[in-house]
Structure formats: structure tokens, C-alpha cells
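> With the input below, show me the fold.
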Amino acid sequence: MSISVVQTTTSSTNSTTFSNPVTAGNTVFVFPLAYTLSAPPSVTSSAPTLGGSTLSGTVEVSVDIEYGSVSTYSAIWMIPNVTGGETVVSIAVQNAGGVIGCLAVEVTGLGPSPSLDAHTFGIAGATGTTGMTTAADQLVLLAVGQTYSPPATPGSPWTTFPSPQDDFAFAYQISGSTGETFQYTDSGGNGNDGWCGAIVTIKPTPWSVLQSHATEGFSGSSIASTYQNNLSSGSVLLAFITGYLMGISSITDGNGHTFTQVGFASDQGEGGGTQVSLWALSTPNNIVGTRPTITATVGGSGSGGPYGAMMIQEVSGISAVPDGTAGTAGYFNATGTVGPPSYTSSAAGEYLFYGYGEDGYNVTLTGPTGYTVDGSSIMTNAPDANIAIAYKSSTNGTETGQWSTSSGDGLALLMVAFKLTGTTTSPPGLFMTGYM
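Here you go, the predicted structure:
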């Protein structure tokens, strides 16, 4: 999905309201505006709220934009992967002589876990130059403030945002390729009166869930699910299965290719009867552009079902190689919160898979906070099985997250991250905030 600005809103207070509810999964950027008459400047801002709540992943991606003993103040905050439906944005500012407004911008196309890539901060009429971008197609944001007189309006290739005060200018552009740098010089010859500015580049989530589909109920000794859209080159296919004493012997795509199992878990207290397993396959070239049917076959003494289900996903930007051994957990007669399994990722920004499986019991299931729950998940009063996948970016550490269930039957959880294609290094660190 390409990056684009959905809507903007401004206010002369510390709270502003979008004309339309924000869309789930989009990113909101918030720019507070204030001034100080103290020396040295010490203005700061707190994490903004959306719909009255501070959302997981909210982070300041710029330095505090201020300079001089009498100065304007701004900052750039990012709220990724919004829950959707909210309209009101608020942000608190500390140690200011007065709050004079805020700007909020909704952006689509950055995915659930965008990150800061390159940045710069400058004074006296020029921002300086950012470092080189490490990926193509990034959102580039510019914020400029100047005391007592307006900075020049940024020209092409910048597109300006509205500003509630003429002491500030805000703009954006979309980067085109890896290795680009960005800078801004005030063309109006300004640079006095506490001029300061910052540029940040925001890198989209390196992976994307392209499609998914779910099927309930084994047919004899097998269960099958078909992709609903043509497969893309370079993607990875995932198959997640739950059932009773499955003993899955193989998963195939009907074209001679076999998936590899990357994780297995069973319940505790029902003899391990409820089982889940996760399988992966790098999309073969000869099935790109097709919609294959993925079939899981029960082997040995496994009974499979009819109580069972399978979910399939297609994910871009990852390899079929898991980051270590999957974390697993099993429960029986559990109600309330369950999880997380014990699992530690070794890199940030990977695709973190978190699966829930339960055979043949009518339950109501709620996904873990901070994750995106796959829309194909079967989570309410399913006759054959409840199966769900939640996902987010890994944290390079101990992963968390709890499902909420009304279950009284056996269930199993499985969590594992998949390594990225190309670089697997952590996203760059954020700015330290403070006076500059």
C-alpha cells in the first residue's frame, strides 16, 4: 500500500478533532505548538492521547524543536496502528509560557509498526542534512518554528500542512529510493528570532500480511483452505492448524511443495488432546499468480476432527526462517486471560506470530492488547473450533500479550517471530529529547 495523507486537523488549543473517525491500522502524527519566555528553554510534551487513551507504541520521533531563550516549541509524536473510530487528539505540554495550538495528521500505508529512520535538527535558518535513508518509500516530515515572525513556506517538493499559528510551518514529502538525504533552508532569509527546525523520515513496517483465509472442520483425515487472491513473488505462506489429536503428517500446496513445521503446542490437563501447529513455505515461483489450496493431512493414529480448523496467511517481507524456537503454552478449563508463552525474540521489527487454537467448544475470544488480530480468525461460538492469529512487530526481547477467553475446554498457544528478508538489524534509535 502506498503512503498517503488521509486527513489533517488543527486547533489553537492542545486538543483538536478530526472531521472523520480515524481508520484502524493507520498512523497519526501529532505536533504540539507552544512558546517559552524562560532561559534556557525547558518545554517538553507528554505522549498524546487519541480518543482519550494513550495507545501502545506511541513515541516521540523528533527532538524538542526549540532554540534560544525566547522561542517557539514543537515536537513530532507518532501514534502507530490506531484502533480506529477515534476523532479527538490531545497532548499536554509542560513548562511553556503558553500553549498556542496543535496539528494532527492521519497517514495510511505505514503498516502496524513504522519506525524512525533518518533525522536532523538545525538552527539559524537551516535544518542540516539527514543521514541516508535505509529503505525506499518513506514518509518525510518537516517542522519549523520561529519566534515573532513566520518562517518561509516550504516549497516543492514539500507539501505543506495547515498550521494554526504563523510562527510555525509543517510539510511532508515521500522519499523515492534508498540512500536519500533531506534538508531544508529557509528561502526567506530568516534565521533570527529563535529559528529552529527538524526533519524525520519514517520507515514503513518491513513486512505485511497480504491475505488470509480460515476453514473449519476436518473432512475425513484432512482439512483444506484456499487462498482467495493470487500469490505474490517473494512472500511466505503460513498454515496454522488446531484440532484434537491431529498428528499432522504433511501440509502441501497441491503443486508438489511441502510446508515445514516451525512450531507445535498442546493443551495441559486433557492429555494433550488439543493441539496446534504452525507450518511455513517460501512461495515457489511456479505458483506465483495462482490461488492454491493448502491441505493438511492427519497421519498415524491421529483422529483430526471433525473438531478442528486451519488458517492460512501470505506475508511479505519475511523469510520462512523462525527466530529461534517457538514459545508454547497449554491450558484446560481456563477462563479469563491466558498467555503469553515464554518466548524471546532476538531482533526488533520482525513479524511476530501469536496463534490461539481450541477444538470444538463455544467460546468468546478477545485478542491481546497491542497486536493486530487477523480478520479471518474464528473467535465467537464456532461449532468446530476456535482459531485465531494475532501479530505485531517483535521487540528484541521477551514478548508479551494475553488472550481473553470464556473457554472451559483445552486450548494451546504458539508464539514465534520470523526473520526479515535482507537486513535483520534493529530499527535505529530515537532522538533524545531536550534543549538543543
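> count of neighbours near residue 110?
Residues lying near residue 110 (other Cβ atoms under 10 Å) number 24. Heads up, the C-betas are built off the backbone N, CA and C, glycines and all.
> what does residue 206 give?
A count of nearby residues for residue 206, using other Cβ under 10 Å, gives 23.
> where's it relative to residue 180, distance?
17 Å (Cβ to Cβ, to the nearest Å).
> in which helix or strand would I find the residue nearest to the spatial centre of the chain?
Centrality entry for the chain: nearest residue to the mean C-alpha point is residue 112, 1.8 Å, by Cα atoms, centre = their mean. Using DSSP states H and E, residue 112 maps to neither a helix nor a strand.
> dump the residue contacts of the residue nearest to it when sequence neighbours are not counted.
Closest residue to residue 112 apart from its sequence neighbours, by Cβ to Cβ, 6 or more residues apart in numbering: residue 81 at 4.0 Å. Counting by Cβ atoms under 8 Å, 6 or more residues apart in numbering, residue 81 makes contact with 25-27, 55-57, 111-113, 372, 392.
> Present those as a markdown table; the columns should include secondary structure.
A markdown table is the format used below for the contacts of residue 81 (DSSP: H, G, I helix; E, B strand; the rest coil):
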| residue | secondary structure |
| --- | --- |
| 25 | coil |
| 26 | coil |
| 27 | strand |
| 55 | coil |
| 56 | coil |
| 57 | coil |
| 111 | coil |
| 112 | coil |
| 113 | coil |
| 372 | strand |
| 392 | strand |
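> Please report the confidence value the model assigns to residue 332.
Listed pLDDT for residue 332 reads 85.
> Run a quick neighbour tally on it.
The number of residues near residue 332, taken as other Cβ under 10 Å, comes to 18.
> Over to residue 357?
By other Cβ under 10 Å, 31 other residues sit near residue 357.
> With residue 336 instead?
Burial of residue 336 is recorded as 10 neighbouring residues (other Cβ under 10 Å).
> Report the beta-bridge partners for it.
Counting by DSSP bridges, residue 336 forms beta bridges with residue 405.
> Might one say that it is in contact with residue 403?
No. Contact between residue 336 and residue 403 fails when scored by Cβ atoms under 8 Å: they sit 9.7 Å apart.
> With adjacent residues omitted, what lies nearest to residue 209?
Nearest residue to residue 209 in three dimensions, chain neighbours excluded: residue 315, at 5.4 Å (Cβ to Cβ, 6+ apart).
> mind checking the SS state of the one you found?
Assignment for residue 315 (three-state DSSP): strand.
> what sits against residue 366?
Counting by Cβ under 8 Å, 6+ apart, residue 366 touches 379, 403-405.
> Which neighbouring elements make contact with the least confident helix or strand in the chain by mean pLDDT?
When each helix and strand of the chain is scored by mean pLDDT, DSSP states H and E, strand 71-74 comes last, with a mean of 78. Packing partners of strand 71-74 (3 or more Cβ pairs under 8 Å, 6 or more residues apart in numbering; DSSP states H and E): strand 27-36, strand 139-145.
> CSV for those, including distance to residue 294, mean neighbour count and mean pLDDT?
Shown next, in CSV, are the helices and strands packed on strand 71-74 (distance: least, Cβ to Cβ, whole Å; neighbours: other Cβ atoms under 10 Å; pLDDT from 0 to 100):
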stretch, distance to residue 294, mean neighbour count, mean pLDDT
strand 27-36, 32, 27, 90
strand 139-145, 35, 26, 92
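> would you list these in a markdown table and tack on distance to residue 243?
Shown next, in a markdown table, are these (distance: least, Cβ to Cβ, whole Å):
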| stretch | distance to residue 243 |
| --- | --- |
| strand 27-36 | 38 |
| strand 139-145 | 43 |
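> Compare those and give me the one nearest residue 387.
Evaluated with Cβ to Cβ, those place strand 27-36 nearest to residue 387, the distance being 29.0 Å.
> picking up where we left off before, and the gap between the residue nearest to the centre of the chain and residue 24?
Distance from residue 112 to residue 24, by Cβ to Cβ: 10 Å.
> what's the answer for residue 172, then?
Distance, residue 172 to residue 24, using Cβ to Cβ: 22 Å.
> ok, the two, which is more surrounded?
Ranked by neighbour count (other Cβ under 10 Å), residue 172 and residue 24 place residue 172 first, with 20 against 12.
> For the more buried one, list the residues it contacts.
With Cβ under 8 Å, 6+ apart, residue 172 has these contacts: 5, 105, 139-142, 158-159, 161.
> for the nearest residue to residue 111 once chain neighbours are set aside, what are its contacts?
Nearest-residue entry for residue 111: residue 205, 2.8 Å, with adjacent residues in sequence omitted and distances by Cβ to Cβ, 6+ apart. Residue 205 sits next to 110-114, 317, 349, 393 when contact means Cβ under 8 Å, 6+ apart.
> now the contacts of residue 366 as TSV including distance to residue 74, pLDDT and neighbour count?
Shown next, in TSV, are those (distance: Cβ to Cβ, whole Å; pLDDT from 0 to 100; neighbours: other Cβ atoms under 10 Å):
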residue	distance to residue 74	pLDDT	neighbour count
379	42	89	18
403	40	96	26
404	39	94	16
405	44	90	25
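> Could you pull out the strands in the stretch 1-150 of the chain for me?
Listed in chain order, the strands of the stretch 1-150 of the chain (DSSP state E, counting those that start in this stretch) span 4-11, 15-17, 27-36, 44-45, 49-50, 59-60, 71-74, 77-79, 88-90, 93-94, 98-108, 115-123, 126-129, 139-145.
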